[in-house]
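Asker: here's my sequence, what's the structure:
(chains A and B)
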Protein chains: 2
Amino acid sequence: MVDIATRVWNHKWKIDPIVRSLIDTDFYKLLMCQSIFRNNRDTQVTFSLINRTKSIRLADLVDEGELREQLDNIRSLSLSRGESTWMRGNTFYGKRAMFTPEFMDWFENLRLPPYHLEKRDGQYELTFEGSWPEVMLWEIPALATLMELRGRAVLGDMGRFELQVLYARAMTKAWEKVERLRDVPDLRIADFGTRRRHSFLWQDWCVQAMSEGLGDAFTGTSNCLIAKSRDMEAIGTNAHELPMVYAALAQNDAALARSPYDVLADWQAEHDGNLRVILPDTFGTPGFLANAPDWLAGWTGIRIDSGDPATGAEAAIDWWRARGEDPREKLIIFSDGLTVDKILDLHRQFAGRVRVSFGWGTMLTNDFIGLTEGDALAPFSLVCKAIAADGRPTVKLSDNPNKAMGPAEEIARYKRVFGVGAQERVEVVV
Amino acid sequence: MVDIATRVWNHKWKIDPIVRSLIDTDFYKLLMCQSIFRNNRDTQVTFSLINRTKSIRLADLVDEGELREQLDNIRSLSLSRGESTWMRGNTFYGKRAMFTPEFMDWFENLRLPPYHLEKRDGQYELTFEGSWPEVMLWEIPALATLMELRGRAVLGDMGRFELQVLYARAMTKAWEKVERLRDVPDLRIADFGTRRRHSFLWQDWCVQAMSEGLGDAFTGTSNCLIAKSRDMEAIGTNAHELPMVYAALAQNDAALARSPYDVLADWQAEHDGNLRVILPDTFGTPGFLANAPDWLAGWTGIRIDSGDPATGAEAAIDWWRARGEDPREKLIIFSDGLTVDKILDLHRQFAGRVRVSFGWGTMLTNDFIGLTEGDALAPFSLVCKAIAADGRPTVKLSDNPNKAMGPAEEIARYKRVFGVGAQERVEVVV
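Answerer: The predicted structure is shown next:
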């Protein structure tokens, strides 16, 4: 029976909103937001969308009017009562009242700040300027919006059954991954795929399929809205934007060299246990570990997000050993460009030697590769990064020069300060 | 939004009915029913369900109580007003008022006669006895019911996402067939898959997918309910039961030898054009064609339903030539055990030499092969046939000894009367 009211309601929407909630974002953004709100509330930052896959000419594919409608819709969102209750009342990483009343009062009144949008060379220049805790919340919805609008542009030309078969194929593909992963003993894997997902509904489907197929091996999702609605764990710790902005704010080379550890000192003041996870690659992992203060070796784990993951994990293990820690009690989270093959390989290599966990992103929530003509739905490498803080440019070196960003002279300076030598280039797919 | 009334309504059903309409059957059953109603209304027949695939122990898989509930439900069905209007008012094969008012008056008041059900050796013995026009209507719903109950027994153990992925895989598989067929020039193909379908909803999906994917190359469906609801052509002509019963009723060998042509003489009195399609294999194609009266060569086409299809088609072409007919104006309908490969082969071989058409059955509407463990959903060879008429056994020889049926001494007599020599055995899959 057709639900007439629902049908009429659906046709009343001026647009089909891509992002419908402020918590349709990664959990670590909220954790970092609170940390920034506490420590760096007034820092002025610029975030910018960067399409690393230049061959995808987004401005040719995606209508500017539609993009503006979606971004304007995101600016109209505010935290709902139920969302606020969940954030205030839920237990995250075993901790009650993770978000302070002061932060929640602020967040409940938040609307996202304005955006600046221009077309250049077939790409969109989309930037956000303002106070750090506000601007940083644009990252995930901006990325998800552009990914989904690009998808919609492709889907718009397809017939009804063609569409159904497309999703049937994508489901089959996703389930084959689940089937390959379900027999791995002691697997721990979470969804990290919000930012470059095919769409919200598809991410939601993938998360539920992983949950049914993998049971307890599926530890949760980084997406707060899905974690809330599906009663799952919200997963995530911290990201490059913290050391990037702290570093940009450093007044001299000594402060710059110290900045990645200042970030984690602030983090340690707030978080325990599985939230104490080091992200060491912002300015090169080897230097970061070599110069790290001893208290950092006491942290729970390390997230490997660039460079060769096995090399990074071996470096972490060696470092823990050198600092007198037992690697078997430590956690390594792999989160960079994971495929099932890579997950199986890394699990085989490191399970038992350390506690291994996976944060699976784009190839979980946006693997439509090979499903359309000309692979028009294949994911691509879109990021949204802090490019300036209080008027100073940010820099990221990473363990892969293809992921480096910032002005050339600043990159040179950072390399010198952080003692970064030759690095292996790894192709960035997503 | 949940439609509460629909949800409550769905839970009020005592069973989930497999067959919900008397016209959820093949169009040719209705055509034949009218013909029988006109010519042989009082003939008493017995129809019996026969599972040729003995390895599938239906009585172990399917609960007898559930089977009885479904069969009882079918006995409660009667023609709805809309269905009657469609049959009375629609144009079939270009003809208005295909079904006479006299037949429709009878059909509107019809309920299917009782059934007899017993278990023996892990199989169900399901038989129907009574007047021919009533009993013959059991064939399709009985087959569809057993096929679907066997499927439900397998599906009952599967999880929600496992189920969704199963159908996703089946959709993908079906669409790959559509994609292989869509580029064939001048293809003409119809759905003949009601009797051994996976389920009604799945047949309906396959029919719509074929329609979207193939456009005009998809000529319609044999299923009247789907033809009605999807506004498609209802497709079908006649089947083996007519010559089998006519032959059983023959009082001597001369009458027996004449009976297959008597059937078609009665048919010719009722039908023109594309409904004048010969089914020559009931008692062996070579003898049938050799002894056929000349007026039969004037008919529109021949349906090849057993034996090697290319051999059968060549025999038909030779026969038309020998009788002074131009094969290029004749229609050959292939309807036996078709796969995409076989369709493509036969089309390549015969397109241009004759008008080629395909009636695609089980491998369109029940191809779950390879999609479950142990292939628990693979189709099998279930038929429901007239086994007796007015107390005399029926016989079918077909062009494949594996499809022959009847008492041994009667088979021997028929072979003698119809001059059937050595025949090639072809494995019967579905």
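Asker: what residues does the helix or strand containing residue A:166 touch?
Answerer: Element membership for residue A:166 (DSSP states H and E) is helix A:160-181. For helix A:160-181, contacts defined as CB atoms under 8 Å, 6 or more residues apart in numbering or on different chains pick out A:155, A:158, A:187, A:189, A:198, A:202, A:205-206, A:209-210, A:213-214, A:217, A:340, A:343-344, A:364, A:367-368, A:371-372, B:161-162, B:164-165, B:167-169, B:171-172, B:174-175, B:208-209, B:212-213. Any C-beta I mention is one placed from the backbone N, CA and C, and that applies to glycine too.
Asker: likewise for stretch A:58-65?
Answerer: By CB under 8 Å, 6+ apart, the residues outside stretch A:58-65 that reach it are A:51, A:117, A:119-120, A:122-124, A:146, A:149-150, A:153-154.
Asker: give me the buried subset of those residues.
Answerer: A:51, A:123-124, A:146, A:149-150, A:153-154 (16 or more other CB atoms under 10 Å in any protein chain shown).
Asker: nearest to chain B among these?
Answerer: Nearest to chain B, judged by CB to the nearest CB, of the buried ones among the contacts of stretch A:58-65 is residue A:154 at 17.3 Å.
Asker: hey, what's the residue nearest to residue A:358 when sequence neighbours are not counted bridged with?
Answerer: Leaving aside its chain neighbours, residue A:358 sits nearest to residue A:189 (4.3 Å; criterion: CB to CB, 6 or more residues apart in numbering or on different chains). Applying DSSP bridges to residue A:189 gives these bridge partners: residue A:218, residue A:358.
Asker: for residue B:337, see how far away residue A:189 is.
Answerer: Between residue A:189 and residue B:337 the computed distance is 45 Å (CB to CB, to the nearest Å).
Asker: same deal with residue A:162?
Answerer: 28 Å.
Asker: please list the residues of chain A that sit near chain B.
Answerer: Within chain A, the positions near chain B by CB under 8 Å from any CB of the partner chain are A:1, A:3, A:5-6, A:9, A:159-162, A:164-165, A:167-169, A:171-172, A:175, A:208-209, A:212-213.
Asker: tell me the buried residues within those.
Answerer: A:161-162, A:164-165, A:167-169, A:171-172, A:175, A:208-209, A:212-213.
Asker: count of residues packed around the closest residue to residue A:326 other than its chain neighbours?
Answerer: For residue A:326, ignoring the flanking residues on the chain, the nearest one in space by CB to CB, 6+ apart is residue A:320 at 7.4 Å. By other CB atoms under 10 Å in any protein chain shown, 23 other residues sit near residue A:320.
Asker: quick one: contacts for residue A:320?
Answerer: Counting by CB under 8 Å, 6+ apart, residue A:320 touches A:297, A:326-327, A:330.
Asker: give me the element it is part of.
Answerer: helix A:309-322.
Asker: how is chain A divided into domains?
Answerer: A:17-156+A:384-393, A:164-365 (automatic domain parsing).
Asker: which of residue A:189 and residue B:337 has more neighbours?
Answerer: Between residue A:189 and residue B:337, residue A:189 has the larger neighbour count (other CB under 10 Å), namely 24 against 19.
Asker: buried set for stretch A:351-368?
Answerer: A:354-368.
Asker: return the subset of the residues you listed lying in strands.
Answerer: Among these, DSSP state E puts A:355-360 in strands.
Asker: may I see those residues arranged in a markdown table, with pLDDT as well?
Answerer: Output for these, formatted as a markdown table (pLDDT from 0 to 100):
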| residue | pLDDT |
| --- | --- |
| A:355 | 98 |
| A:356 | 98 |
| A:357 | 98 |
| A:358 | 98 |
| A:359 | 98 |
| A:360 | 98 |
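Asker: now flag whichever of those residues is closest to residue B:18.
Answerer: residue A:360 (40.9 Å; CB to CB).
Asker: now do that closest one against residue A:192, distance only.
Answerer: For residue A:360, the distance to residue A:192 equals 6 Å [CB to CB].
Asker: show me where the stretch 51-200 of chain A has strands.
Answerer: With DSSP state E, counting those that start in this stretch as the criterion, the stretch 51-200 of chain A has strands at A:115-120, A:123-131, A:189-191.
Asker: as CSV, those with mean pLDDT would be great.
Answerer: CSV is the format used below for the strands of the stretch 51-200 of chain A (pLDDT from 0 to 100):
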stretch, mean pLDDT
strand A:115-120, 97
strand A:123-131, 98
strand A:189-191, 98
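Asker: coming back round to it: now do the shared contacts for residue A:360 and residue A:192.
Answerer: With CB under 8 Å, 6+ apart, residue A:360 and residue A:192 have common neighbours residue A:335.
Asker: how many residues are close by residue A:16?
Answerer: Residue A:16: 13 surrounding residues under other CB under 10 Å.
Asker: over to it: give its phi and psi.
Answerer: phi -100, psi 100 (degrees, to the nearest 10).
Asker: which phi and psi values does residue A:234 adopt?
Answerer: Torsion angles, degrees, to the nearest 10, at residue A:234: phi -90, psi 130.
Asker: wouldn't it be in contact with residue A:207 here?
Answerer: No - Residue A:234 is not in contact with residue A:207 according to CB atoms under 8 Å; the separation is 11.6 Å.
Asker: who touches both of the two?
Answerer: Residues touching both residue A:234 and residue A:207 (CB under 8 Å, 6+ apart): A:221, A:223.
Asker: how about low-confidence regions in chain A?
Answerer: A:1 (pLDDT under 70).
Asker: returning to what we had before: and of the buried residues of stretch A:351-368, the nearest to residue A:311?
Answerer: Closest approach between the buried residues of stretch A:351-368 and residue A:311, by CB to CB: residue A:354, at 14.3 Å.
Asker: for the closest one, give the beta-bridge partners.
Answerer: Under the criterion DSSP bridges, residue A:354 forms beta bridges with residue A:351.
Asker: enumerate every residue touching it.
Answerer: Here residue A:354 is in contact with A:313, A:316-317, A:327-328, A:330-332 (criterion: CB under 8 Å, 6+ apart).
Asker: in PyMOL, select just the buried ones from these.
Answerer: Burial among the contacts of residue A:354 is assessed by 16+ other CB under 10 Å; the matching PyMOL selection reads:
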select buried, chain A and resi 313+316+317+327+330+331+332
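Asker: adding distance to residue A:40, write the contacts of residue A:354 out as a markdown table.
Answerer: What follows is those, written out as a markdown table (distance: CB to CB, whole Å):
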| residue | distance to residue A:40 |
| --- | --- |
| A:313 | 31 |
| A:316 | 28 |
| A:317 | 33 |
| A:327 | 33 |
| A:328 | 36 |
| A:330 | 29 |
| A:331 | 27 |
| A:332 | 29 |
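Asker: which positions within the helix or strand that residue A:289 is a member of qualify as buried?
Answerer: Residue A:289 belongs to helix A:285-290 when elements are defined using DSSP H and E. Neighbour-count burial for helix A:285-290, counted by 16+ other CB under 10 Å, picks out A:285-289.
Asker: now do it: everything it contacts.
Answerer: Residues contacting helix A:285-290 (CB under 8 Å, 6+ apart): A:260, A:280-282, A:307, A:312, A:315-316, A:319, A:399, A:418-420.
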